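J.: compute the structure for the input listed below.
(one chain, ligands or ions: 1)
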Amino acid sequence: MYCERCNSEHSGEYGSGRFCSRACANTRVFTTETIIKKKKSAKNSNAVKLANELQKKLKILKQYQLILLINLKFHLIINSLQQTH
Ligand SMILES: [Zn+2]
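T.: Below you'll find the model as predicted:
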């Protein structure tokens, strides 16, 4: 039998016989596929969702602030116009 991890020949007595030793059975190989999966799950994680929502709210808040600022300036202009009359 050959170990699926290190390809060394072994008796197959360890576990299901797929690996030569515990060390080989426990080794996790990070292939590009698993990295992509991890990235996808990270995107869907609650922390990222929360951060995205916060950013959206911040954008809305900034826009609202801008509207308030424009309103304020508008009022100031109207006030100054009324004073000249
Ligand atoms: Zn091995």
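
J.: can you give me the helices in this structure?
T.: Assigned helices in the chain, in chain order: 22-26, 32-43, 46-84 (criterion: DSSP state H).

J.: in terms of mean pLDDT, which of these ranks lowest?
T.: Ranked by mean pLDDT, the helices of the chain bottom out at helix 32-43, which scores a mean of 76.

J.: tell me the contacts of the most centrally placed residue in the chain?
T.: Most central in the chain under Cα atoms, centre = their mean is residue 43, positioned 3.5 Å from the mean C-alpha point. For residue 43, no residue meets the contact criterion (Cβ atoms under 8 Å, 6 or more residues apart in numbering). The way it works is simple: take the backbone N, C-alpha and C, and place the C-beta from them, glycine included.

J.: tell me how far it lies from the ion.
T.: In this structure, residue 43 and the ion are separated by 34 Å, where distance is defined by Cβ to the ion, to the nearest Å.

J.: and the helices of the chain, which is most packed in?
T.: Per-stretch averages of neighbours, counted by mean count of other Cβ atoms under 10 Å, single out helix 22-26 among the helices of the chain, with a mean of 13.

J.: which residues sit against it?
T.: Contact partners of helix 22-26, identified using Cβ under 8 Å, 6+ apart, comprise 3-6, 14-15, 18-19.

J.: go ahead and build a PyMOL selection from the buried members of those.
T.: Selecting only the buried members of the contacts of helix 22-26 in PyMOL, with burial defined as 16 or more other Cβ atoms under 10 Å, works like this:
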select buried, resi 3+5+14+19
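
J.: determine which two of the contacts of helix 22-26 are furthest apart.
T.: With distances taken as Cβ to Cβ, the most widely separated pair in these is 6 and 15, at 14.5 Å.
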